[in-house]
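In: Dropping the sequence and predicted coords here.
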Amino acid sequence: MNWRLTAVCAATLALAAVNVSSQSTGSQTAKPAAPQTKPAPKVGPVAPPTTDADKIKSALSAAPAAIAKDATVVDMPSMKVLKPGTNGWTCIPDSPSPGVDPMCLDKNGMEWASAWMNHKDPPKDKMGLGYMLMGGSDASNTDPFATEPKPGEKWVDTGPHIMVLNIGDRFAGYPTTSTSTKVPYVMFAGTPYAHLMIPIK
């Protein structure tokens with residue numbers, strides 16, 4: 001859900017294995033080379049799509065095919081319509097966060113997202129639904145407007161999930177921390193933007 005405010009850049013890490021050899025005193029026999037290790041997987045920003053066609057493909061990957069096929073696709077933050085739709089769902093392409101995170105929201109969900117982006121309270125009693133079948137990365141589980149994690153903290157990475165939005169504080173029984181993103185948990189608890197994250201894989 002990091003499309004919401006600004007593009008966030010994170011450092012890209014790369015590791016290279018180095019062979020080390022040394023000569024023993026008074027001998028020309030080299031010690032065996034240290035075993036090579038596999039480079040760490042690349043982390044940091046995933047390059048978002050740049051062409052309209054790729055943005056549409058990215059956006060529609062967020063929802064089940066039955067919803068995606070008739071959904072509207074809009075670019076962010078311009079809100080330019082890339083593909084008109086007819087079923088009341090709106091899909092948004094991946095943004096430059098550490099993970100791949102396109103999203104599809106129903107009509108109420110878009111009203112919730114608009115309120116969030118404009119720092120306003122969401123409309124009362126209008127539950128919304130959202131799909132993020134490609135997963136997502138968030139800078140914080142507590143601060144709705146964070147653009148990067150606090151020092152010493154990590155991105156909150158959640159795999160494929162659906163979101164139940166704008167249901168007030170009716171989250172009794174669900175964890176309000178992202179200690180495990182493999183089980184349902186509440187994001188942004190205690191704020192007007194609290195919502196239930198429900199992993200589906």
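Out: That came in fine, so what should we check first?
In: beta partners of the residue nearest to the spatial centre of the chain?
Out: The centroid of the chain falls nearest to Gly136 when counting by C-alpha atoms, centre = their mean (2.2 Å). Applying DSSP bridges to Gly136 gives these bridge partners: Thr158.
In: so what pLDDT did it get?
Out: Model confidence at Gly136, given as pLDDT, is 90.
In: Please tell me I have it right and it contacts Cys104.
Out: No. At 11.9 Å, Gly136 and Cys104 do not qualify as touching, with contact defined as C-beta atoms under 8 Å. For the C-beta atoms, the positions are set from N, CA and C on the backbone; glycine is no exception.
In: Tell me where this structure has strands.
Out: With strands called from DSSP state E, the chain shows them at 72-74, 81-83, 90-92, 103-105, 128-132, 136-138, 156-158, 161-165, 185-187, 195-199.
In: Direction included, what does the last one pair up with?
Out: Paired strands of strand 195-199, with direction, are strand 161-165 (antiparallel), strand 185-187 (antiparallel) (DSSP bridges).
In: ok, now the second one?
Out: Based on DSSP bridges, the pairing partners of strand 81-83 within the sheet are strand 72-74 (antiparallel).
In: how distant is the partner strand from the center of its chain?
Out: 18 Å (C-alpha atoms, centre = their mean, to the nearest Å).
In: cool, stretch 145-162 as well?
Out: 8 Å.
In: Stretch 126-141 too?
Out: 7 Å.
In: for that stretch, how far is the first residue from the last?
Out: End-to-end span of stretch 126-141 (C-alpha to C-alpha, to the nearest Å): 22 Å.
In: in the lengthiest helix in the chain, what counts as buried?
Out: Longest among the helix segments of the chain by residue count, using DSSP state H, is helix 107-117. By 16 or more other C-beta atoms under 10 Å, the buried positions in helix 107-117 come out as 108-113, 115-116.
In: Quick check: the two most widely separated of the residues you listed?
Out: Greatest spacing in these, by C-beta to C-beta: Asn108 and Trp116 (12.7 Å).
In: still on that earlier bit, roughly how far apart are the residue nearest to the centre of the chain and Asp125?
Out: Counting by C-beta to C-beta, to the nearest Å, the gap from Gly136 to Asp125 is 26 Å.
In: And the helices in the protein?
Out: Using DSSP H, helices in the chain cover 52-60, 65-68, 107-117.
In: what pLDDT, on average, does the longest one get?
Out: Along helix 107-117, the predicted confidence averages to a pLDDT of 94.
In: Determine the angle, from 0 to 180 degrees, between it and strand 128-132.
Out: 80 degrees (axes from the mean of the first three to the mean of the last three C-alpha atoms, to 10 degrees).
In: Provide a list of residues in contact with Gly85.
Out: With contact taken as C-beta atoms under 8 Å, 6 or more residues apart in numbering, Gly85 is in contact with 70-73.
In: Which of those are buried? Put it as a ChimeraX command.
Out: Remark: buried members of those, expressed as a ChimeraX selection using 16+ other C-beta under 10 Å:
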select :71,72,73
